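> one predicted model, sequence on top.
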Amino acid sequence: MNKTRSADRNQWQSYAISAGFTLIELLIILTIIGILASIAIPAYNNYTQRSKLAEGMTSLSNLRLQMEQYYQDNRSYATAGATTCAIAAPAGNDFNFSCTAPTTTSYVWTATSAGASLGAGQFVYTIDQDGNRTTTKFNGTVSTSTCWEIRPGSCS
């Protein structure tokens, strides 16, 4: 019986000495983490970019609603004798808004990305009095899309 205990103790001691990770095992783990990060980080960046694009689209939709309400009250999209839209441009975090060429019966609101989060001028969306939505620039590339793109070739 003594011999078995002694053998068990020696086996345990040899296991305790070799317990731990080898350099190869650590390199495999780091490689797996690197592969997962190379997939996850771009996916997260695309997700946050799309969430910021929603500000421009939502604000343009709200501006169109306000312009229609103004038109119902005044029968014109422009203020009397002025060349600016009757509705003031909102202050956006990621977009600058401008109204172009308002007349009695037409207008065009434009949302242009601003700042470092989306890149200045990298995204440009428009809406007009008929509700026509266009993307003129998506991620720095000129677009002729007749909708608001949230991904290349994918409309909202």
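That came in fine, so what should we check first?
> heading C-terminal from the helix or strand containing residue 35, find the next helix or strand.
For residue 35, the host element (DSSP states H and E) is helix 23-74. Downstream of helix 23-74, the first helix or strand assigned by DSSP H and E is strand 95-100.
> check contacts around residue 118.
49, 52-53, 94-95 (Cβ atoms under 8 Å, 6 or more residues apart in numbering). Heads up, the C-betas are built off the backbone N, CA and C, glycines and all.
> ok, residue 115 next?
93-94.
> and what of the one 10 residues further on?
Listed by Cβ under 8 Å, 6+ apart, the contact partners of residue 125 are 56-57, 60, 110-111, 133-136, 148.
> circling back to that earlier point, orientation of the helix holding residue 35 relative to strand 95-100 in degrees?
30 degrees (axes from the mean of the first three to the mean of the last three Cα atoms, to 10 degrees).
> for helix 23-74, name the packing helices and strands.
Applying 3 or more Cβ pairs under 8 Å, 6 or more residues apart in numbering; DSSP states H and E, one finds that helix 23-74 makes contact with strand 95-100, strand 108-113, strand 124-128, strand 149-151.
> any low-confidence regions in the chain?
1-19, 81-83, 156 (pLDDT under 70).
> centroid-nearest residue for it?
For the chain, the residue nearest the mean C-alpha position is residue 49 (1.7 Å; Cα atoms, centre = their mean).
> quickly note the distance from residue 59 to residue 93.
Separation of residue 59 from residue 93 (Cβ to Cβ, to the nearest Å) stands at 10 Å.
> gap between residue 139 and residue 127?
20 Å.
> one more: residue 113?
Residue 113 is 16 Å from residue 127, by Cβ to Cβ.
> understood, closing this out.
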